[in-house]
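> with the sequence up front, the predicted model follows.
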Amino acid sequence: MNKDFYSIFSLSDSAIVVDFGNVINEKINQKALNLAYAIGRAAFAGIKDIVPAYSSVTVHYDVVEILKHSSGETAFSIMKESLKKLLQQENENTEEQQRQIKIPVCYDEEFGWDLKDIAKVTKLTVEEIIQIHTSKKYKVFMVGFLPGFAYMGEVDPRIAMPRKAEPRTKISQGYVGIAGIQTGIYPLTSPGGWQIIGRTPLQLFNRENENPVLFKAGDEVEFFSITANEFYNY
Amino acid sequence: MSFTIIKAGILDTIQDCGRNGYQSSGINPGGVMDRFSARLSNALLGKNFDSPVIEIHFPSPVIRFNSSTILCLAGADFSPVINNHKLSLHQPVIINKGAILSFTKNLSGARCYLSILQNLELKQWLNSYSTNLKAGAGGFEGRALRAGDNIRFDEISLKNIDSKHDGFNVLPWKAEPQKQIATDTIELIEGNEWNWLTDESKQLFLQSRFQISTTADRMGFRLKGVPLKVKETTQLVSSGVGFGTLQLLPNGQLIVLMADHQTTGGYPRIAHVISAHLPCLAQKKPNNDCIFSFTDVATAEQKLLQQHQYLQSVQHAASFKIKDILQ
């Protein structure tokens, strides 16, 4: 771990980032997730939030709280030292179970708005696109942007379409999309530029639940195709 | 005991200082835009800093108090009035059942905070009272307050207080917080992508005035100013951002993220506003100016600590005085 690259820097005066590189890559992402878990377990004083992303972990902290334990150092340097110590250990993800989640998706024309366009560009049939999308396991690299929005990857290069040039102003919850090598599902109504290929009847965000969000970084996700009838009766 | 919204303002929400611990689920912390003023409104009543308050914009609500209470306003001056009495900011006042609070003029600032002595009877959502408008949860029914909304609060006996001036009794302590938060330049910590800017753009950034555009809300303030350029167009992978992060948009303009910012972002992070200067920034309105300058983390931390110590001394003094009043 010590030989590997990372940088540590401030995100303003009340957060610190450990960054493993500006990349989307499973190994680097796993490093970030392992570090995030390790920080959680270490339970340092004054931590407000731990936010893993594709290749970084941001820790938000309470400056005043941390300065109570300072003998002249800045809260930033105290946090930096704590993180460096953790980075020197092997942070294997021993406790967190990797969850396997299967998501039902109806890819019918009424939901798969951009499938025909993708077929034109890729020269695949709609059935082939669906087959490719459902035949791979995706990793949740991070959850962000909206409550429960999971960035999953990596999509097969044959169907890795870039975002739409003109985003839609409204995409309702449950719609499944592709943006380059990422795939994801809108958990709430939102504007969005992802290519829409289908819809899931599952709720990815439910404010009434104790755990309001379904996905977590590190989950492994597979999609499977269902009929419109199954969708409406889910 | 309760108060009722007689007429809704343009955006009134229940907020505390934010919802921590859920950004990895994409749930942003939110909370008040001007933490200093919100905490001051609580401190002047001897209350816990992070007690929930109402964040009020202008046009503001009209509120009727259905039981007596002691209230305190802090932050923007919207010319508050109770039953025809002008109210000062940063000074608690005892009011009687039936008192009506309204705000008559947008004199200065953008967010005003209302705190009352009693605890609001609200449920937390994920350990916080802040309203998350996107998620439709937290605060009062997960939304902005509307006419007819009735918000309940705890009982506290105020029977030993005699009322003068038809139910309006100003208490003899007041804060003068301007020195704590006013600043000529908004100070920044360098962002990780500051060096993506060309040398010319770096200079322009520090020498220019930027204006808050009309696209300015709780999520972020788009700034208007000289367009900035990067040396290379590299894509930044989505990574952490915070309240006060200045992002460079593809068109060369800047946006500063505010309380309801998304949890992660993919635009270059040029710089971050220091926490101690967020209150001043949060009180700026469209067409107000900003000039930026850099400072270091140590200085930024000390400025924040100073504000905290000021608030603590206000709270400490007020809690004794309130105890006396309630006896």
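Nice, thanks for sending it over.
> quick check: the residue nearest to A:Lys164 when sequence neighbours are not counted vs chain B, distance?
Excluding its sequence neighbours, the residue lying closest to A:Lys164 (Cβ to Cβ, 6 or more residues apart in numbering or on different chains) is A:Gly193, at 4.9 Å. C-beta here means a position set from N, CA and C on the backbone, and glycine is covered the same way. Counting by Cβ to the nearest Cβ, to the nearest Å, the separation of A:Gly193 from chain B is 12 Å.
> surely A:Gly193 and A:Arg168 touch.
Yes: between A:Gly193 and A:Arg168 a contact is recorded at 7.3 Å, counting by Cβ atoms under 8 Å.
> residues near A:Thr134, how many?
Residues within reach of A:Thr134, counting by other Cβ atoms under 10 Å in any protein chain shown, total 15.
> dump the residue contacts of it.
A:Thr134 makes contacts with A:Val105, A:Glu222, A:Phe223, A:Phe224, A:Ser225, as judged by Cβ atoms under 8 Å, 6 or more residues apart in numbering or on different chains.
> near A:Val167, how many other residues are there?
One thing to correct before we go on: residue A:167 is Pro, not Val. Using other Cβ under 10 Å, A:Pro167 has 12 other residues around it.
> and the pLDDT at the closest residue to it other than its chain neighbours?
Spatially, and ignoring its direct neighbours in sequence, A:Pro167 is nearest to A:Gly193 (3.5 Å; Cβ to Cβ, 6+ apart). As predicted, A:Gly193 sits at a pLDDT of 92.
> separation between A:Gly193 and A:Ile178?
Using Cβ to Cβ, to the nearest Å, one gets 11 Å for the distance from A:Gly193 to A:Ile178.
> more neighbours, those two?
Per other Cβ under 10 Å, whichever of A:Gly193 and A:Ile178 has more neighbours is A:Ile178, with 24 against 14.
> pLDDT (mean, whole number) over the helix or strand that the more buried one is a member of?
Using DSSP states H and E, A:Ile178 falls within strand A:175-179. Mean pLDDT, taken over the full extent of strand A:175-179, equals 96.
> the next helix or strand after that strand and chain B, are they touching?
Later in the chain than strand A:175-179, the nearest helix or strand by DSSP H and E is strand A:182-185. No: with Cβ under 8 Å from any Cβ of the partner chain as the criterion, chain B is not reached by strand A:182-185; the gap is at least 9.6 Å.
> residues touching the most centrally placed residue in chain A, list them.
Taking Cα atoms, centre = their mean as the criterion, A:Met142 is the residue nearest the geometric centre of chain A, at 2.1 Å. Contacts for A:Met142 (Cβ under 8 Å, 6+ apart) come out as A:Asn29, A:Pro52, A:Ala53, A:Tyr54, A:Ala150, A:Tyr151, A:Ala217, B:Ser24, B:Ser238, B:Thr264.
> helices along chain A, start to end?
A:26-42, A:63-67, A:75-88, A:115-122, A:126-134, A:228-232 (DSSP state H).
> and those helices as JSON lines, adding mean pLDDT?
Below are the helices of chain A laid out as JSON lines (pLDDT from 0 to 100):
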{"stretch": "helix A:26-42", "mean pLDDT": "94"}
{"stretch": "helix A:63-67", "mean pLDDT": "97"}
{"stretch": "helix A:75-88", "mean pLDDT": "95"}
{"stretch": "helix A:115-122", "mean pLDDT": "96"}
{"stretch": "helix A:126-134", "mean pLDDT": "97"}
{"stretch": "helix A:228-232", "mean pLDDT": "97"}
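> looking from chain A, tell me which residue of chain B is nearest.
Per Cβ to the nearest Cβ, B:Gly240 is where chain B lies closest to chain A, at 2.8 Å.
> so that residue touches A:Ser14, yeah?
No: counting by Cβ under 8 Å, B:Gly240 sits too far from A:Ser14 to count as a contact (11.8 Å).
> avg pLDDT for stretch B:227-238?
Mean pLDDT, stretch B:227-238: 90.
> list the contacts of it.
Stretch B:227-238 has contacts (Cβ under 8 Å, 6+ apart) with A:22-24, A:53-55, A:142, A:144-145, A:151, B:193, B:196-198, B:200-201, B:204-205, B:248, B:251-254, B:264-270.
> between the two ends of that stretch, how far is it?
The first residue of stretch B:227-238 is 23 Å away from its last residue (Cα to Cα, to the nearest Å).
> tell me which residues of that stretch are tucked away?
Neighbour-count burial for stretch B:227-238, with 16 or more other Cβ atoms under 10 Å in any protein chain shown as criterion, is recorded at B:Leu228, B:Val230, B:Leu236, B:Val237, B:Ser238.
> save these as TSV, and put in secondary structure too.
TSV is the format used below for these (DSSP: H, G, I helix; E, B strand; the rest coil):
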residue	secondary structure
B:Leu228	coil
B:Val230	strand
B:Leu236	coil
B:Val237	coil
B:Ser238	coil
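> can you list these in a markdown table and add distance to B:Phe65?
Putting those into a markdown table (distance: Cβ to Cβ, whole Å) gives the following:
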| residue | distance to B:Phe65 |
| --- | --- |
| B:Leu228 | 49 |
| B:Val230 | 54 |
| B:Leu236 | 49 |
| B:Val237 | 51 |
| B:Ser238 | 46 |
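> quickly name whichever of those residues is closest to B:Ile95.
Using Cβ to Cβ, B:Ser238 comes nearest to B:Ile95 of those, at 48.3 Å.
> tell me how far the closest one lies from A:Glu73.
Here B:Ser238 is placed at a distance of 31 Å from A:Glu73 (Cβ to Cβ).
> if we can go back for a sec, buried among the contacts of stretch B:227-238? Need that as a selection in ChimeraX.
Remark: buried members of the contacts of stretch B:227-238, expressed as a ChimeraX selection using 16+ other Cβ under 10 Å:
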select /A:22,24,53,54,55,142,144,145,151 /B:193,196,197,201,204,205,248,253,254,264,265,267,268,269,270
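> filter the contacts of stretch B:227-238 down to the ones in strands?
Among those, the ones falling in strands (DSSP state E) are A:Met142, A:Tyr151, B:Leu248, B:Leu254, B:Thr264, B:Gly265, B:Arg269, B:Ile270.
> turn the residues you listed into CSV, columns for pLDDT and distance to A:Leu86.
Converted to CSV, these look like this (pLDDT from 0 to 100; distance: Cβ to Cβ, whole Å):
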residue, pLDDT, distance to A:Leu86
A:Met142, 97, 19
A:Tyr151, 96, 24
B:Leu248, 96, 31
B:Leu254, 97, 34
B:Thr264, 93, 21
B:Gly265, 90, 25
B:Arg269, 96, 23
B:Ile270, 97, 29
